[in-house]
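**Student:** please work out how this folds:
(4 chains)
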Number of protein chains: 2
Amino acid sequence: MTRLLLIDDEAPFVRALGISLKAYGYDVTAARTGANGLAQAAKAHPDIIVLDLGLPDMDGLDVLDALRGWTTVPILVLSARHTDETKVRALDAGADDYVTKPFSMEELLARIRAALRRRPERVEDPIVETDDFRIDLAAKQVTRDGTAIRLTPTEWNVLEVLVRNQGKLVSQRQLLQEVWGPQYETETEYLRVYLAALRRKLEPAPSRPRHFITEPGMGYRFVP
Amino acid sequence: MTRLLLIDDEAPFVRALGISLKAYGYDVTAARTGANGLAQAAKAHPDIIVLDLGLPDMDGLDVLDALRGWTTVPILVLSARHTDETKVRALDAGADDYVTKPFSMEELLARIRAALRRRPERVEDPIVETDDFRIDLAAKQVTRDGTAIRLTPTEWNVLEVLVRNQGKLVSQRQLLQEVWGPQYETETEYLRVYLAALRRKLEPAPSRPRHFITEPGMGYRFVP
DNA sequence: CGGCCGCGTGAAGGACTCGTGAAGATGCCG
DNA sequence: CGGCATCTTCACGAGTCCTTCACGCGGCCG
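**Tutor:** The predicted structure is shown next:
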């Protein structure tokens, strides 16, 4: 299901839009403030964000900036203001589309569909095999010698990021950002702990990792 | 240069828009009819298409359909009609954006920039090969005879700057600034140490460098 | 011809990072 | 309320990397 984050403070509007969007099969989360919106975005990783520029606690453009600092998720901006300057600034700040109130629900839905359609298809093979274990990304399961291995949610998230970038070096920054959110960018101890856990559960010789490679000072790399 | 195809039949409008777009660095081609537009698109493979729905020979939506039959290039639709139904149909037919006339040039330019920004990251080959080793910039990995070579973070940064400017001379100043920061501009000893490390790890004959060339008094140059 | 400057090379101290085990903190379940 | 799984935080030893220094070589210029 497509997850949509709606950042807007007008309760009736949010309610109406939420109902319509849910009717069309979106999984809608709402945030009433910019700060909350940023937190929700970091936590839930929505597939698209609908952002109203008129927020009680922050300038909408600052919210946009903060989001674009770490994510490329499509962002559709709503606004009652329709000066060219605001439009241009929002679009250049990384908004994917800009819709001026009032607008019809049909148009908004069509623009959301258009923004989502552009999403690069994730056609990657959801199963990755190594000599020692097998990862099924779709089923969220890891098996070793035919038996399933239990991973905690966080362990799984770390594994998934590394596997989706297999062969490539994933910087500590990127890993922390994608698993814990943008405000944890410096908590490198988490990585040490969770990489140790993954190696203990998956590597044949945890102290001599073959698949979860540390590149000192830079990040980690998964090699099948 | 970004190539833009403008499909519109109103001569004054095309002229005005063409001038503005060219001033902003776009390489503009114009077509006055739908048929001609389709032909131009097939021939020139533009980076973005701006399509007016009001054309003399064909329905704009049919032009859109025909284009989407074979290309995913961003298409920005212009129209004097602003019924929701048309908007929705155009967006669902594969338009990336829909702008209603009249609009300001600034807004159109901003929307063009936004559409181009979304373009799938340039697949520009991030792999550089020499006779002796292979550099994968995306994966941050260097291999020699099939085996990976470990580089320290600083070594990698130096290498990356040189490789991204391959063939060109990189001044000591620029190298120091890009790797260590602006306040290290005179610490040329660092360069000697790290260039030596790179040559030791990558050059077949470190004392006779073939790829990491010193230009005395000026800087360094990487040649594949 | 001789001194000087820039460059290459090897080595060493110290700061920083990583792996590891374990203990506290938190949240969820019955 | 208590037990359990999970997340967070901590401390320490081992290892890695950055910086700095000393020395030798070669070209350049007076």
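
**Student:** give me the nearest residue to residue A:69, chain neighbours excluded.
**Tutor:** In this structure, residue A:69 finds its nearest non-sequential neighbour in residue A:182, 6.7 Å apart by Cβ to Cβ, 6 or more residues apart in numbering or on different chains. Placement of C-beta: from N, CA and C, glycine included.

**Student:** what distance do you get for that neighbour to DNA strand D?
**Tutor:** As for residue A:182, its distance to DNA strand D is 14 Å (criterion: Cβ to the nearest atom of the strand, to the nearest Å).

**Student:** now swap in residue A:93 and tell me
**Tutor:** Noted for residue A:93: a distance of 30 Å to DNA strand D, by Cβ to the nearest atom of the strand.

**Student:** hmm, back to that, quick one, what contacts the residue nearest to residue A:69?
**Tutor:** By Cβ atoms under 8 Å, 6 or more residues apart in numbering or on different chains, the contact list for residue A:182 reads A:42, A:66, A:69, A:70.

**Student:** and the host helix or strand of residue A:199, how far out from the chain middle?
**Tutor:** In this structure, residue A:199 sits in helix A:188-202 according to DSSP states H and E. Relative to its chain's centre, helix A:188-202 lies at 22 Å (Cα atoms, centre = their mean, to the nearest Å).

**Student:** can you list the buried residues in it?
**Tutor:** A:190, A:191, A:194, A:195, A:197, A:198, A:199, A:201, A:202 (16 or more other Cβ atoms under 10 Å in any protein chain shown).

**Student:** could you dump those residues to a markdown table with pLDDT?
**Tutor:** Formatted as a markdown table, the buried residues of helix A:188-202 follow (pLDDT from 0 to 100):
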| residue | pLDDT |
| --- | --- |
| A:190 | 96 |
| A:191 | 97 |
| A:194 | 97 |
| A:195 | 97 |
| A:197 | 96 |
| A:198 | 96 |
| A:199 | 96 |
| A:201 | 94 |
| A:202 | 95 |
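
**Student:** same list, those residues, but as CSV with distance to DNA strand D please.
**Tutor:** Below are the buried residues of helix A:188-202 laid out as CSV (distance: Cβ to the nearest atom of the strand, whole Å):
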residue, distance to DNA strand D
A:190, 6
A:191, 10
A:194, 7
A:195, 12
A:197, 8
A:198, 11
A:199, 14
A:201, 11
A:202, 15
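
**Student:** separation between the nearest residue to residue A:188 once chain neighbours are set aside and residue B:202?
**Tutor:** Excluding the flanking residues, the one nearest residue A:188 by Cβ to Cβ, 6+ apart is residue A:172, at 5.5 Å. Per Cβ to Cβ, to the nearest Å, residue A:172 is found 25 Å from residue B:202.

**Student:** one more: residue A:195?
**Tutor:** Computed as Cβ to Cβ, the residue A:195 to residue B:202 distance reads 28 Å.

**Student:** close to DNA strand C, is the helix holding residue A:199?
**Tutor:** Yes: Helix A:188-202 reaches DNA strand C (Cβ under 7 Å from any atom of the strand) through A:188, A:189, A:191, A:192, A:193, A:195, A:196, A:199, A:200.

**Student:** average pLDDT for the one helix or strand residue A:111 maps to?
**Tutor:** Assigned by DSSP H and E, residue A:111 falls within helix A:105-117. Here helix A:105-117 scores 94 as its mean pLDDT.
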